[in-house]
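Asker: Here you go, sequence then predicted model.
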Amino acid sequence: MIRWQAFVPALVASVALFVASGITCASDFRTSDITGQGYGDVIPRLIGQDGRARGRDDFKGRVTFVFFGFTHCPDLCPTTLLDLSAAIEQLGEDRDRVQVAFITVDPERDTPEVLRDYMSSFGPNFLGLTGAPDTIREAAKAFRVFFQKIRLPAGEYTMDHSAAVYVLDPQARVRLMFTATRSVEDIVADIIRLLREAS
């Protein structure tokens with residue numbers, strides 16, 4: 001039998017601590033809340049499209065979408081990035097408080113120069129990241145992202161990969177996850193909530 005007299009004070013204390021932390025309740029989000037579930041606990045330093053190394057601290061101060069893909073992707077990657085661009089545009093004056101970190105799973109072809117040209121198609125808030133194959137694998141493992149090279153005829157290849165988008169709050173904590181099927185309206189609503197938390 002549960003002793004409610006002992007349970008209630010503990011529950012009240014837990015709720016008070018949660019509210020004091022300024023973190024939005026999971027039920028308030030439209031996308032999947034993965035706060036504290038171990039995604040992205042370790043983010044290795046990756047090389048940006050400008051040649052500068054970036055780690056977790058470089059993502060602080062803005063809400064950051066993290067998406068793993070590759071520039072030769074025929075449809076899913078560009079479609080997802082276009083949706084993120086549309087979401088950012090709907091934020092109005094808050095658009096400068098949001099960025100996209102596109103981590104390539106194809107470092108063999110996606111050099112910083114290639115990423116710079118590719119990201120320029122989506123807007124100034126888009127950052128391409130690459131690195132040594134082992135570093136890319138480390139980053140993918142941290143976010144539980146799967147990818148592999150698929151050989152094609154004539155020596156060509158493509159990449160098979162997971163397609164979830166992860167969202168870091170302005171403290172660079174991994175908070176949300178969603179797939180390409182999520183509406184732009186839902187994405188915008190959740191980003192606004194994260195920005196309000198930080199205000």
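Answerer: Received the coordinates, thanks.
Asker: Give me the neighbour count for residue 127.
Answerer: Residue crowding around residue 127 was assessed by other Cβ atoms under 10 Å; the count is 22. Any C-beta I mention is one placed from the backbone N, CA and C, and that applies to glycine too.
Asker: roughly how far apart are it and residue 48?
Answerer: Residue 127 sits 6 Å away from residue 48 when distances are taken as Cβ to Cβ, to the nearest Å.
Asker: And the pLDDT at the most centrally placed residue in the chain?
Answerer: With distances taken as Cα atoms, centre = their mean, the chain has residue 66 as the residue nearest its mean C-alpha position (2.4 Å). Turning to residue 66, the model gives it a pLDDT of 98.
Asker: what's the answer for the one 4 residues further on, then?
Answerer: Confidence per residue is given as pLDDT, and for residue 70 that number is 98.
Asker: With adjacent residues omitted, what lies nearest to it?
Answerer: Beyond its immediate neighbours in the sequence, the residue positioned closest to residue 70 (Cβ to Cβ, 6 or more residues apart in numbering) is residue 106, lying 3.7 Å away.
Asker: ok so the one you found is a strand residue?
Answerer: No - using DSSP: H, G, I helix; E, B strand; the rest coil, the assignment for residue 106 is coil, not a strand.
Asker: which residues does it contact?
Answerer: For residue 106, the contact set (Cβ atoms under 8 Å, 6 or more residues apart in numbering) comprises 70-72, 159.
Asker: farthest pair in those residues?
Answerer: 71 and 159 (10.1 Å; Cβ to Cβ).
Asker: Residue 119 contacts residue 127, doesn't it?
Answerer: Yes - A contact is recorded between residue 119 and residue 127 when judged using Cβ atoms under 8 Å, the distance being 6.7 Å.
Asker: can you list residues touching both of these two?
Answerer: The contact sets of residue 119 and residue 127 overlap at 49, 102 (Cβ under 8 Å, 6+ apart).
Asker: Strands of this protein, residue ranges please.
Answerer: Per DSSP state E, the chain carries strands over the ranges 32-33, 46-48, 53-54, 63-69, 98-104, 126-130, 147-151, 157-161, 165-168, 174-178.
Asker: Distance of the residue nearest to the centre of the chain relative to residue 80?
Answerer: For residue 66, the distance to residue 80 equals 12 Å [Cβ to Cβ].
Asker: now swap in residue 166 and tell me
Answerer: Here the criterion is Cβ to Cβ. By it, residue 166 lies 12 Å from residue 80.
Asker: intersection of neighbour lists for these two?
Answerer: Shared contacts of residue 166 and residue 80 (Cβ under 8 Å, 6+ apart): residue 67.
Asker: tell me, how many neighbours does residue 154 end up with?
Answerer: Using other Cβ under 10 Å as the criterion, residue 154 is surrounded by 4 other residues.
Asker: Also residue 190?
Answerer: Around residue 190 there are 24 other residues, counting by other Cβ under 10 Å.
Asker: any idea of the pLDDT on it?
Answerer: Looking at residue 190, its pLDDT is 96.
Asker: residues in contact with it?
Answerer: For residue 190, the contacting residues are 29-31, 167, 176, taking Cβ under 8 Å, 6+ apart as the criterion.
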